[in-house]
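[1] next come a sequence and a model predicted from it.
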Amino acid sequence: MTVYAMPLMIGVLAVLAVAYRYYSAFLAARVAVLDDTRVTPAHTNYDGQNFHPTNRWVLFGHHFAAISGAGPLIGPVLAIQFGYLPGLVWLVVGVCLAGAVQDMMVLAASVRRGGRSLAAIARDEVGKAAGVATAVAILYIIIIALAGLGIVVVKALGGEEVPMKAGAVLTYPEGSSFTKLINADGSKVYDVPPGSSYKFGDRPGDTMVFHEPFRLAVPAGESVKGDPGGGFAWVLPASARRLVPGSAWGTFTIACTIPIALFVGWYMYRFRKGRVVEASIVGAAGVLAATVAGAWIPGSSLERYFALSRDQTIAAIAAYGFVASVLPVWLLLCPRDYLSSFLKIGTIALLVVGVILANPTLQAPAVNHQFAQGGGPYFDGPIFPYVFICIMCGAISGFHALVSSGTTPKMIDRERDVRMIGYGAMLIEGLVGVVALIAAAALPNAMYYDINIDLAKRPQYTQALKALDADHDGGDAAAAAGPGELVEMEKNVQESLHGRTGGAVTLAVGMARIFSNAIPGTSWLVKYWYHFAIMFEALFILTTIDTGTRIGRFMVQEFLGKVWKPLGDLDRLPSAILATALVVAGWAYFIWSGSVETIWPMFGMANQLLAVIALAVVTTAVVNSGRGRYAAVTLVPMAFVATTTATTGYYEITGKFWKMVQSGSVVRGWLNIGLTAMLLVCAAVILVSAFGRWVGTLRRPAGAGVEIGARG
């Protein structure tokens, strides 16, 4: 059955509109009981740096930018390995009944408590044991979450070296030239022509065709050797690596957004104070100009400064996260987030319109039975529970609770802004997830897997892709078919796209195709659409990294302040620098030592466990306030997410992690088992403590509850 995207998009928009109009109004009036007569912490604790009353549209932009990281963009793209239907249902139902509810209720609770963190609220509402468990879980989750976000940027922008199988035979097409470059250190670089075949095993099907040209690096003392079987074929040594260049265009554009954001901050808060629209126009024009100007970087003398390696990209992201966390919020964080959200919301609106106009068919199966029980390139597990772990932020995300009890409540001007910022921003994020899923599902299956399977692991999936009729690179049939659309797009966008795992490149390709098909005669713009999409994604992720690092800094300073009080002073620069350095070092290390396949599942599980914790805390706040009859609005989603996450934890510990131990990765396997068990224990402690508090409160005489926010 052919499924078109336009009817799906219209239906999703209708559901989201109804949810905001009616369900969020119910939550605001009956459950949170928002009241503009209450003075918010932004006024009572004003310091001009962390506590700062902010225009609700600017704060909406900051909050949306902070919560909308890699999750709503990347999760749905990766979940296509299961088919499009499971992810679509979870996105729409989850965002309306779980994610937006959590964000709004945590934000309301924090505003009522002086902008206090989730851990502090847990300590007040549930008890000391729950507070300690929450703090420990949050600190770990922040580190692994930022690593999960950062590695997506690294995969999209950074260069890498992909190992080729030792002893494999690389056969050039007839008539092609053999060229190599010998570097000063004796290493060699070979230019491999398009159409070359790669035989990696003895079975008849153990062959794939490279339709795209690439460069092959061999270290000093090694070289390719002629195949004894004859022909224009070469046997690869153990140390051969395929070189994947970094994205100079994309890195240049992202780098330009930092000085542009600084200028917007100065313009909006100093030069033309309060002129938000003017600053937005100037900033948006600057970012678009940077995207166009990026086309001149590849091939120019500046390329070597922006074509970063993997490690250089990690260092650049870490440096940005450090600086953004230390600077005052009005100087870089707020204007950059507002500028980012301005472009994000505008781009999402364009995508929605583009989907309606282009009306692409969904090429992915509704349910992919090939990987339904596991064995996929990203998640080696069944649809339940892994689709709920793969798709996090678009449906519900515990990380959002940190933002809703971190920077945002310290900038709320009036309580009624909580509804628009808490519930509304999350609905927009759910919409982001839906359009990302549609963009990926509209790609031909072969193109999707050409991008999303690591080049080093491609041979493992040859048979599975043939079963899906998605193997453009396997055997003689692939050679006869010739290069596909992805090879042509590589030429047009001037980037290497094969094996760019992580989801970011897949989404950029999908967005570029939708924009090009929506506007007839604009195929020549595809390279600009692609790089605009890469910038769009990186802005999503980096704005969450800067906010997440700042939240992590708050948490670390809260811990350090118990050791020595000055270390807990948020306004003391040396203390801020120390705490920020510890947080950045933690998540940068995980990026450097991990991969998408290892970090994303851990990120997803940790993130959803934090959502369980957050929902348990706000459920307790609702019960303690005397509104226990409304507790189901948070209790039901908490129970569902707890079930899916605990099931995933069981699968991971008894499956993937235990196999690591058995295969010889003893330290790594036991470390992963220990961290996962720690999170499950923390969640169990909080749930048990919360349940005890619920029972005790509900047994009190009628009218004995306290107003939500009056505690402490």
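    Looks like it arrived, so ask away.
[2] where do the strands sit along the chain?
    Along the chain, the segments classed as strands by DSSP state E run 160-163, 169-171, 179-182, 188-192, 196-199, 207-210, 214-218, 225-226, 233-235, 241-244.
[3] quick one: which of those is nearest residue 660?
    strand 160-163 (19.6 Å; Cβ to Cβ). In short, each C-beta sits where N, CA and C put it, glycine included.
[4] give the buried residues for that closest one.
    Across strand 160-163, burial judged by 16 or more other Cβ atoms under 10 Å covers 160, 162.
[5] for residue 325, which of the strands of the chain is the nearest?
    strand 160-163 (27.3 Å).
[6] the closest one pairs with which strands, parallel or anti?
    If you go by DSSP bridges, strand 160-163 pairs up with strand 241-244 (antiparallel).
[7] count of residues packed around the closest residue to residue 86 other than its chain neighbours?
    Using Cβ to Cβ, 6 or more residues apart in numbering and skipping residues adjacent in sequence, the residue nearest residue 86 is residue 387, 4.5 Å away. Neighbour count of residue 387, defined by other Cβ atoms under 10 Å: 25.
[8] which residues touch residue 387?
    Residues near residue 387 by Cβ atoms under 8 Å, 6 or more residues apart in numbering: 79, 82, 86-87, 90.
[9] try it again with 10 Å
    By Cβ atoms under 10 Å, 6 or more residues apart in numbering, the residues touching residue 387 are 75-76, 78-79, 81-83, 85-87, 89-90, 379, 381, 395, 644.
[10] remind me, longest helix of the protein?
    Assignment by DSSP state H gives helix 526-563 as the longest helix of the chain.
[11] re earlier: now the strands of the chain in a markdown table, with mean pLDDT?
    Putting these into a markdown table (pLDDT from 0 to 100) gives the following:
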| stretch | mean pLDDT |
| --- | --- |
| strand 160-163 | 82 |
| strand 169-171 | 89 |
| strand 179-182 | 83 |
| strand 188-192 | 89 |
| strand 196-199 | 86 |
| strand 207-210 | 79 |
| strand 214-218 | 89 |
| strand 225-226 | 84 |
| strand 233-235 | 87 |
| strand 241-244 | 87 |
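[12] how close does the residue nearest to residue 86 get to residue 647?
    Remark: distance between residue 387 and residue 647 (Cβ to Cβ, to the nearest Å) = 12 Å.
[13] hey, what's in contact with both of those two?
    Both residue 387 and residue 647 are contacted by residue 381, under the criterion Cβ under 10 Å, 6+ apart.
[14] against residue 594, how distant is the closest residue to residue 590 other than its chain neighbours?
    Spatial nearest neighbour of residue 590, chain neighbours left out: residue 147 (3.5 Å); criterion: Cβ to Cβ, 6+ apart. According to Cβ to Cβ, residue 147 and residue 594 sit 7 Å apart.
[15] just for the chain, where's the confidence low?
    The chain contains residues with pLDDT under 70 at 69-70, 204-205, 229-230, 329-342, 469-484, 596-597, 701-712.
[16] now do the end-to-end distance for stretch 172-184.
    The separation between the terminal residues of stretch 172-184, taken as Cα to Cα, to the nearest Å, is 26 Å.
[17] that one: how far from the chain's middle?
    39 Å (Cα atoms, centre = their mean, to the nearest Å).
[18] buried residues, it. List them.
    Within stretch 172-184, the residues that qualify as buried are residue 172, counting by 16+ other Cβ under 10 Å.
[19] name the surrounding residues that touch it.
    Contact with stretch 172-184 is made by 187-197, 209, 213, 215-220, 223-224, 231-234, 479, as judged by Cβ under 10 Å, 6+ apart.
[20] may I have stretch 528-541 as CSV, with CA atoms only?
    C-alpha atoms of stretch 528-541 as CSV (Å, rounded to 0.1, in the frame of the first residue of the first chain):
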residue,chain,number,x,y,z
TYR,A,528,22.6,24.8,-0.3
TRP,A,529,19.6,22.9,1.0
TYR,A,530,21.9,20.1,2.3
HIS,A,531,24.3,22.5,4.1
PHE,A,532,21.5,24.6,5.4
ALA,A,533,20.0,21.3,6.9
ILE,A,534,23.4,20.4,8.4
MET,A,535,23.6,23.8,10.0
PHE,A,536,20.0,23.5,11.2
GLU,A,537,20.8,20.2,12.9
ALA,A,538,24.1,21.3,14.4
LEU,A,539,22.4,24.4,15.9
PHE,A,540,19.8,22.2,17.5
ILE,A,541,22.5,20.1,19.1
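[21] buried ones in it?
    Neighbour-count burial for stretch 528-541, counted by 16+ other Cβ under 10 Å, picks out 528-541.
[22] now residue 104: how far from residue 420?
    According to Cβ to Cβ, residue 104 and residue 420 sit 9 Å apart.
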